[in-house]
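Q: Coordinates for the following, if possible.
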Amino acid sequence: MGPHGGPPLPPPGYLGRPYPPPRSGGGGFGVGLGVLLVFVIVGGLVAQATMGGHDSSSASAYTTSTPSYTYTTPSWDPATAETTTAAAQPSTTARYTATTRPSTRRTSAAPTTTKPAGPQPVVATATNPLFDDHDSGLINIQCGYPRWGSDVASATAFFQAEKDCLDRMWKPVLQGANLPFTSPTVSVPARGVDAVSPCTSSGGSYAAFYCSTNHTIYMPLDHLQIEQFGDQAEIYASVFAHEYGHHVQGISGISEKENRDRYNAGPRSATGLELSRRLELEANCFGGMWAGSSQFVGTLTDAQVGRIRQTNYRRGDRDGDMRDHGTPDHGGAWYDQGHDNNRTWMCNTWASPSDAVS
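A: So this is what the prediction gives:
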């Protein structure tokens, strides 16, 4: 087992649970959700809301069948939550075009290679097309969500609604970058041990995880700290938005490049751990984009966004931990970057200096 009972080698794409805050009176986003509410989950806590170049080489020894976990959050006082504002974001539209080449007739037999139809992932990090358009960000939309409930059926409906909203937000971004889009699957088991996943898993203090092998976000109820956060559904939604960010990394080709580079460097090496931090902090930034857009349209209140923000500043690597997620200050700063700007290129951790992702 890793430090403090965590996974022995936390793979890229998971967000740990923060230490639980004191139980408050609840209310707000999770208590009376109407049809125009959207929720975001970041780092094991629920947030309610309305809603380099192409690398064609392959590495036979590395594996991507490891989940991305989210850690738990330290204790904090919801009464001191700060409020922030979100920048407006223009809608994005698909801008790619398809070209057709005339067929040619060959007089001799020759092996042929058929390329998959449609946009394909680009195995790159800093130079991924996802970051090319400096005006690209999540569209500001309101989404309908059912009332939060801590039973499997209610929670599944809640996260499925958030997934549908995030699909609508992210699809134009990926299409505009000529990258493929697929919607993830959502799994909400009552217990983490009941999660059926093809990814390598090993218990630990995590709130949720994403498996790139089957494109599934896992939200085990016994890991969400429901006993601590109660009806504060915005915390859980925030965790989900972070995990959805890992899905975006997976379908765009970012995760594959990171996995290859980390395997080649050594997962526990200084370089390997820095690559993991860049992946996680980028997912924090993507989660911040969701929160900022949702706040802008009124799905999330200032108070709810303040609570989400505080959890992002209290989750991360501490003394004795494996340095694979980034410090709490950097986790919060990258969340703010996404929330305040809602631009994908500003979440490009791969182009940032090492001291910004420590």
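
Q: Relative to residue 244, how far out is residue 219?
A: Distance, residue 219 to residue 244, using Cβ to Cβ, to the nearest Å: 11 Å. All C-beta atoms are positioned from the backbone trio N, CA, C, and that covers glycine.

Q: try residue 233
A: Relative to residue 244, and taking Cβ to Cβ, residue 233 is found at 16 Å.

Q: more neighbours, those two?
A: Comparing residue 233 with residue 244 by neighbour count (other Cβ atoms under 10 Å), the higher total belongs to residue 233, at 34 against 30.

Q: Would you agree that one is in contact with residue 158?
A: Yes. Contact status for residue 233 versus residue 158: in contact at 7.0 Å, counting by Cβ atoms under 8 Å.

Q: Mind giving me the packing neighbours of the biggest helix by length in the chain?
A: Longest helix in the chain, counting residues (DSSP state H): helix 270-296. Secondary-structure packing of helix 270-296 (3 or more Cβ pairs under 8 Å, 6 or more residues apart in numbering; DSSP states H and E): strand 15-18, strand 40-42, helix 152-176, helix 233-252, helix 254-265, helix 302-312, helix 328-341.

Q: and the longest one, which residues are buried?
A: It stands for helix 152-176. Neighbour counts over helix 152-176 (16 or more other Cβ atoms under 10 Å) mark 155-159, 161-167, 169-176 as buried.

Q: okay, now residue 354: neighbour count?
A: 11.

Q: who's in contact with it?
A: Residues counted as contacts of residue 354 (Cβ atoms under 8 Å, 6 or more residues apart in numbering) are residue 274.

Q: okay, and for the stretch 151-300 of the chain, where does confidence drop off?
A: 200-205 (pLDDT under 70).

Q: returning to what we had before: got a markdown table for the helices and strands packed on helix 270-296, with distance to residue 355 too?
A: Conversion of the helices and strands packed on helix 270-296 to a markdown table gives the following (distance: least, Cβ to Cβ, whole Å):
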| stretch | distance to residue 355 |
| --- | --- |
| strand 15-18 | 22 |
| strand 40-42 | 23 |
| helix 152-176 | 28 |
| helix 233-252 | 22 |
| helix 254-265 | 19 |
| helix 302-312 | 19 |
| helix 328-341 | 9 |
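
Q: Burial check on the closest residue to residue 337 other than its chain neighbours, number of neighbours?
A: Closest residue to residue 337 apart from its sequence neighbours, by Cβ to Cβ, 6 or more residues apart in numbering: residue 285 at 5.2 Å. Residue 285: 26 surrounding residues under other Cβ under 10 Å.
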